[in-house]
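J.: from the sequence below, what's the structure:
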Amino acid sequence: MKLNTYSEWRDVELSHRIYNRNVPNKPVQMYFSPRPNDTRFQRFPTYDKVKHYDTKLEKTDHFYMGVNFLPGNRGPFEGISGTIDKESELKNIYFPNQSAPQSKYFPSTTSDMYMIEEPKNTNPYTNEYNLLGKTPILTSKNMNPQNIGKKPFFNHTRQQIKNIVKQ
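T.: Predicted coordinates for the structure are as follows:
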């Protein structure tokens, strides 16, 4: 495909960048749910009509929501199920209200609440546009030199504009 203008090239580049945001940073464990056999309207269902496939499920690493990127609103169940104990501990399910010292949760100083880690950039894209993200320096300009409509009440702006034209 030959690109003739800068705008065509820019459109293609933006399309590629948007597409890359829809791709996870590593493969996720795949699951499938077999469907039940229908037995209604069948006489003497004696054999299993489910197709058996020889394709093996590929095992991948565990999915951690804090480390892996997966576009969408939720990841695989194994990523959620690995944090159930942490959620239960934070909700104080293990130790109900009591006056004993174990009833209060004090996170350790090595928990991620105190440790600040910058996310690792797995995106190979580097910013080649220097002006992107910089705030422009704008000169102040009085957009209302005649002070039209400055009163809190009884702003007759139409009459004020007519008075300016007459002067």
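J.: okay, buried residues for the lowest-mean-pLDDT helix or strand in the chain please.
T.: Within the chain, judged by mean pLDDT, DSSP states H and E, the helix or strand with the poorest mean is helix 77-81; its value is a mean of 77. Within helix 77-81, the residues scored as buried using 16 or more other CB atoms under 10 Å are G79. Any C-beta I mention is one placed from the backbone N, CA and C, and that applies to glycine too.
J.: following it, which helix or strand comes up?
T.: For helix 77-81, the succeeding helix or strand toward the C-terminus, using DSSP states H and E, is helix 84-90.
J.: just how off-centre is that next one within its chain?
T.: 23 Å (CA atoms, centre = their mean, to the nearest Å).
J.: and for stretch 6-24?
T.: 18 Å.
J.: please apply the same query to stretch 143-161.
T.: Stretch 143-161 sits 46 Å away from the centroid of its parent chain (CA atoms, centre = their mean).
J.: who touches it?
T.: I164 (CB atoms under 8 Å, 6 or more residues apart in numbering).
J.: swap in stretch 76-90?
T.: With contact meaning CB under 8 Å, 6+ apart, stretch 76-90 is reached by 28-29, 31, 62-65, 68, 74, 94, 105.
J.: 6 Å - rerun?
T.: When contacts are defined by CB atoms under 6 Å, 6 or more residues apart in numbering, stretch 76-90 is touched by residues 28-29, 63, 65.
J.: buried subset of the residues you listed, written for PyMOL?
T.: Remark: buried members of the contacts of stretch 76-90, expressed as a PyMOL selection using 16+ other CB under 10 Å:
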select buried, resi 28+29+63
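J.: tell me the two of the contacts of stretch 76-90 that are most distant?
T.: Put simply, by CB to CB the two of these set farthest apart are Q29 and M65, 13.8 Å from each other.
J.: average pLDDT for stretch 28-35, rounded please.
T.: Stretch 28-35 comes out with an average pLDDT of 76.
J.: buried residues in it, which are they?
T.: The neighbour-count check on stretch 28-35 (16+ other CB under 10 Å) flags 28-29 as buried.
J.: what bits of this protein have low per-residue confidence?
T.: Low-confidence segments of the chain (pLDDT under 70): 1-3, 33, 45-49, 95-96, 102-103, 165-167.
J.: quick one, longest helix in it?
T.: When the chain is scanned for its longest helix (criterion: DSSP state H), the result is helix 6-20.
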